[in-house]
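*Asks:* need a structure here:
(2 chains)
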Protein chains: 2
Amino acid sequence: MRALLIVAHGSRRKESNEEVRRLASRILENAGPAFDLVTSAFLEISSPQIDSAVHDLIEDGATEIKVFPYFLAAGTHVVNDIPKLINAEKETHPGIHFEILPHLGALQGISTLILNQIYHGTPLNPSLAALATD
Amino acid sequence: MRALLIVAHGSRRKESNEEVRRLASRILENAGPAFDLVTSAFLEISSPQIDSAVHDLIEDGATEIKVFPYFLAAGTHVVNDIPKLINAEKETHPGIHFEILPHLGALQGISTLILNQIYHGTPLNPSLAALATD
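*Replies:* Next up is the predicted model:
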């Protein structure tokens, strides 16, 4: 089974952590056959942390876990912390395939998303539809 | 002239601030008739700050400035700091129309963006195209 693990920083504001959990739910709803499981984990303050979330995913049948850093910038959390934590998971669970995806801020389509949403979901011109995944 | 001002937190990592500036450039490239000017400002650490960026936009001819908080969570920067700073700009520049847009994390289309990009820009199923601006 294929799982997506969204890793966020974690906030003292409960509502911010809830936003991440809701994002995981929305992605699962739209995932079609891409992912059987989608969940979230936090580096700090909130829970679950990565080790616990990975444990739960494997218990639910995950054999392949893609890790998505929900960060805008490639700071030390993205560059150092998440890879270190995922390497530890690889050692603990040698039978599971882990892959760290590019972080949110690195997704090129974000500029088109912003423009489209500022314009209430209406593409500004036909060529933008083609750019939706630029 | 219509301007978009992307407001980010600002980072000690120069590369993170550069990412925000590149995002502004990409949005300007795709903006078509929506915006004549697109630029970025930072709350902390980096420059320009909001007052200086607004000053430059107005000098370049902006009469309408939409402010986009480039933040994932509705924390104190989004809820308190940016509105306070923009209110100050409104008082300084009463002839200019300011509007604060929803922050990045509030854009519903983000879940579809993530799924699409994880799959190399290919929608997972036809219904996702319709969801691209959900």
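*Asks:* ends of stretch A:62-77, how far apart?
*Replies:* Criterion Cα to Cα, to the nearest Å; first-to-last residue distance in stretch A:62-77 is 24 Å.
*Asks:* And the pLDDT for residue A:1?
*Replies:* On pLDDT, residue A:1 comes in at 94.
*Asks:* What is the neighbour count of it?
*Replies:* Neighbour count for residue A:1, taken as other Cβ atoms under 10 Å in any protein chain shown: 13. For the C-beta atoms, the positions are set from N, CA and C on the backbone; glycine is no exception.
*Asks:* what residues are up against it?
*Replies:* Neighbour list for residue A:1: A:36, A:37, A:60, A:61, A:62, A:63, A:64 [criterion: Cβ atoms under 8 Å, 6 or more residues apart in numbering or on different chains].
*Asks:* go on, residue A:6?
*Replies:* A:20, A:23, A:24, A:27, A:38, A:39, A:40, A:41, A:68, A:70.
*Asks:* Next step: those restricted to helices.
*Replies:* Counted as lying in helices by DSSP state H, out of these, are A:20, A:23, A:24, A:27.
*Asks:* Tell me the one of the residues you listed nearest residue B:110?
*Replies:* If you rank those by distance to residue B:110 using Cβ to Cβ, residue A:23 comes first, at 6.9 Å.
*Asks:* On the pLDDT front, check the closest one for me.
*Replies:* On the pLDDT scale, residue A:23 is placed at 90.
*Asks:* That one - nearest residue in space that isn't next to it in sequence?
*Replies:* Of all residues not flanking residue A:23 in the chain, residue B:111 sits nearest, at 5.9 Å (Cβ to Cβ, 6 or more residues apart in numbering or on different chains).
*Asks:* element containing that neighbour?
*Replies:* helix B:110-118 (DSSP states H and E).
*Asks:* Check the model's average confidence along that helix for me.
*Replies:* Averaging pLDDT along helix B:110-118 yields 82.
*Asks:* how close does residue A:38 get to chain B?
*Replies:* Plainly put, residue A:38 is 10 Å away from chain B if you go by Cβ to the nearest Cβ, to the nearest Å.
*Asks:* try residue A:110
*Replies:* Between residue A:110 and chain B the distance is 7 Å, computed by Cβ to the nearest Cβ.
*Asks:* How confident is the prediction for the residue nearest to residue A:70 when sequence neighbours are not counted, by pLDDT?
*Replies:* Nearest non-adjacent residue to residue A:70, counting by Cβ to Cβ, 6+ apart: residue A:8, 4.3 Å away. As predicted, residue A:8 sits at a pLDDT of 94.
*Asks:* what pairs with residue A:8 across the strands?
*Replies:* Taking DSSP bridges as the rule, residue A:8 bridges to residue A:42.
*Asks:* which ones are touching it?
*Replies:* A:17, A:20, A:40, A:41, A:42, A:43, A:70, A:71, B:72.
*Asks:* residue boundaries of the strands in chain A?
*Replies:* Using DSSP state E, the strands found in chain A span residues A:2-8, A:37-42, A:64-69, A:97-100.
*Asks:* got those as TSV, with distance to residue B:103 columns?
*Replies:* Shown next, in TSV, are the strands of chain A (distance: least, Cβ to Cβ, whole Å):
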stretch	distance to residue B:103
strand A:2-8	15
strand A:37-42	19
strand A:64-69	19
strand A:97-100	26
